[in-house]
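**Student:** Return a 3D structure for these sequence lines:
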Amino acid sequence: MREQSHSFILDHAEFVSDRPMDRPVGARPNSHPHHQKRPSARDGPDLHQKLLWVSLAILAALALILWPSATLSSVRTGLWVLFLVVSVIRGVGVFISATAQSVPPSPPKTERLPIYSIIVPLYKEANMVKQMVRNLKALKYPQKALNVIFAIEADDSATLRALKDQNLPSWMQIIIAPPGSPQTKPRACNVALDQAVGSLIVIYDAEDRPHPDQLIEAANRFMAADDQLACLQAPLRILPGKGFWCRQFALEYAAHFETFLPALAKVGSALPLGGTSNHLRVEALRQLGGWDPYNVTEDADLGFRLAGAGFRTEMLTLPTWETPTARFSVWLPQRSRWLKGYMQTLIVWTKSRSGLSLAGQASLWLTLGVSVLSALIHGPIALLLLAQSILAICGWAPFVSSTGLVLIATAWTSAILSMSVGAKRAGIDIRASDLALAVAYWPLATLAAARAFYQLLFKPYYWDKTPHKPEPLRTAP
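**Tutor:** Numbers count the residues shown, from 1 in each chain. So this is what the prediction gives:
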């Protein structure tokens, strides 16, 4: 059973007027009446993909049996070349992203702002409710133009009680997703989308601390652009933390959201969206049918669905701060879910009738494809390099070839450049020890990739929930 809605719609649905809210909102349609049939992770691989994978597996097995030495040598050379190409592209991306840095947003135009819906999906996060409500109240956007929707699950009575204890203002409401499967974040977001009254919408997670002016910047950017600009991604920044996991996680985010995604946006490429702080035109989102509830990285999938439909995604300048992942036991399930979702998205968008352009396919493989492949091979390559170095020191084998050393140095330099520049833009105090320890962090992704592949086969829609703890009350960087 759903909570009574406390939202209202203004006399002019698109813009805020000076008149008070004067009539309650009714139920919204389930989706745009003319939305196209969307591809879904629920469908799994099609016949063409299965035949291709089986054929490649048979050819690889035959090659290993008939020409083992030549096959392994070719695979090694191919991987080195791939690493070189990706490293060069990411290095170039650092310089492209520098020209993509926008000027600070102009003074807020608060006299005519669109109604903004904010969806906050919550599950088993009663401890985060007070902090989230406080952060939402800190947003510098006219409250009469805000429509905050907390989307919770039917079996989460603790979070429901915590929300009711906050005595929510009239512009915040609670929606309970009816019991059903799959029990995922995108399914809850789709339920909330049905009730959203704004022309713009944004997703925030429980631990998010969006910049107070972020909605103002996004609204002004949307109003100044054509309708093909359907999405604005805010950079996600990790709040300062201590320890190996916190710092490596922060640097990884900095490289991704401060250099790589801005570079992709600058050249007009498809973007794999982050899991939070993506601002969207509601009409475009409903036209696409909302989020795929069966994809555990529904954000990345939506980025390519927007591109496939001819929409454009750009980056905002004002960030959202998040808490770091501080332990391996938390990092592993979270990273496994991301990689499983990337695998699902690759399956969806490499089908023969996906509708993704050649440029979109290139972006798909340079982002999600490379992420999955890198995670799968980082661990084995690190072990092989370590073993070969030990054998060489003992005099039982030659050292890594000069070509191999050049490729390793190129890849490492590119990664360090991306992390260093990203950290500077994100305001992170980077240390030499952080850069050195990154080479121990990257191979651990292979453990997450193996877990992700297992879950893809046996638990494809299972959602590994990442636990969070409230941050002490402080000013974000």
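
**Student:** So which residues of the stretch 101-250 of the chain form helices?
**Tutor:** 129-137, 157-165, 185-195, 214-224, 244-255 (DSSP state H, counting those that start in this stretch).

**Student:** what pLDDT does residue 464 get?
**Tutor:** On the pLDDT scale, residue 464 is placed at 88.

**Student:** dump the residue contacts of it.
**Tutor:** By CB atoms under 8 Å, 6 or more residues apart in numbering, residue 464 lies in contact with 296, 333, 334, 336, 337. All C-beta spots, glycine's among them, are computed from the backbone N, C-alpha and C.

**Student:** could you redo the last one with a cut-off of 10 Å?
**Tutor:** Going by CB atoms under 10 Å, 6 or more residues apart in numbering, residue 464 touches 296, 330, 332-338, 340, 451-452, 455.

**Student:** Out of these, which sit inside helices?
**Tutor:** 330, 332, 333, 334, 335, 336, 337, 338, 340, 451, 452, 455 (DSSP state H).

**Student:** Among these, which one lies nearest to residue 280?
**Tutor:** Of all the ones in helices among the contacts of residue 464, the one sitting nearest residue 280 is residue 338; the distance, using CB to CB, is 20.6 Å.

**Student:** What is the burial count for residue 237?
**Tutor:** When counting by other CB atoms under 10 Å, one arrives at 24 neighbours for residue 237.

**Student:** what about the protein, any weak spots by pLDDT?
**Tutor:** Residue ranges of the chain with pLDDT under 70: 1-37, 100-111, 352-353, 472-477.

**Student:** ok, back up a step: tell me the one of the ones in helices among the contacts of residue 464 nearest residue 405?
**Tutor:** Closest to residue 405, out of all of the ones in helices among the contacts of residue 464 and judged by CB to CB, is residue 335, at 28.8 Å.

**Student:** From residue 203, how far off is the closest one?
**Tutor:** Noted for residue 335: a distance of 20 Å to residue 203, by CB to CB, to the nearest Å.

**Student:** Out of these two, name the residue with the larger neighbour count.
**Tutor:** It is residue 203, of residue 335 and residue 203, that has more neighbours when counted by other CB under 10 Å, with 28 against 24.

**Student:** Can you get me a residue count around residue 458?
**Tutor:** Residues near residue 458, counting by other CB under 10 Å, number 8.

**Student:** Would you map the helices across the stretch 351-477 of the chain?
**Tutor:** Ranges of helices in the stretch 351-477 of the chain, per DSSP H, counting those that start in this stretch, are 358-364, 370-393, 402-426, 432-441, 445-458.

**Student:** Figure out which of the ones you listed is closest to residue 312.
**Tutor:** Of the helices of the stretch 351-477 of the chain, nearest to residue 312 by CB to CB is helix 358-364, at 12.0 Å.

**Student:** Mind listing what's buried along that closest one?
**Tutor:** Residues of helix 358-364 classed as buried: 360, 361, 363, 364 (neighbour count, 16 or more other CB atoms under 10 Å).

**Student:** How about stretch 62-80?
**Tutor:** In stretch 62-80, counting by 16+ other CB under 10 Å, buried: 71, 80.

**Student:** which residues are in contact with that stretch?
**Tutor:** Stretch 62-80 has contacts (CB under 10 Å, 6+ apart) with 59-61, 373, 377, 380-381, 384, 401, 403-404, 406-408, 410-411.

**Student:** now that stretch: how far from the chain's centre is it?
**Tutor:** On the basis of CA atoms, centre = their mean, to the nearest Å, the separation between the geometric centre of stretch 62-80 and that of its chain is 35 Å.

**Student:** what would the helices of the stretch 351-477 of the chain look like in JSON lines with distance to residue 274?
**Tutor:** Shown next, in JSON lines, are the helices of the stretch 351-477 of the chain (distance: least, CB to CB, whole Å):
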{"stretch": "helix 358-364", "distance to residue 274": "15"}
{"stretch": "helix 370-393", "distance to residue 274": "13"}
{"stretch": "helix 402-426", "distance to residue 274": "14"}
{"stretch": "helix 432-441", "distance to residue 274": "20"}
{"stretch": "helix 445-458", "distance to residue 274": "18"}
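
**Student:** Tell me which of these sits nearest to residue 84.
**Tutor:** Set against residue 84 and scored by CB to CB, the helices of the stretch 351-477 of the chain come closest in helix 402-426, at 5.4 Å.
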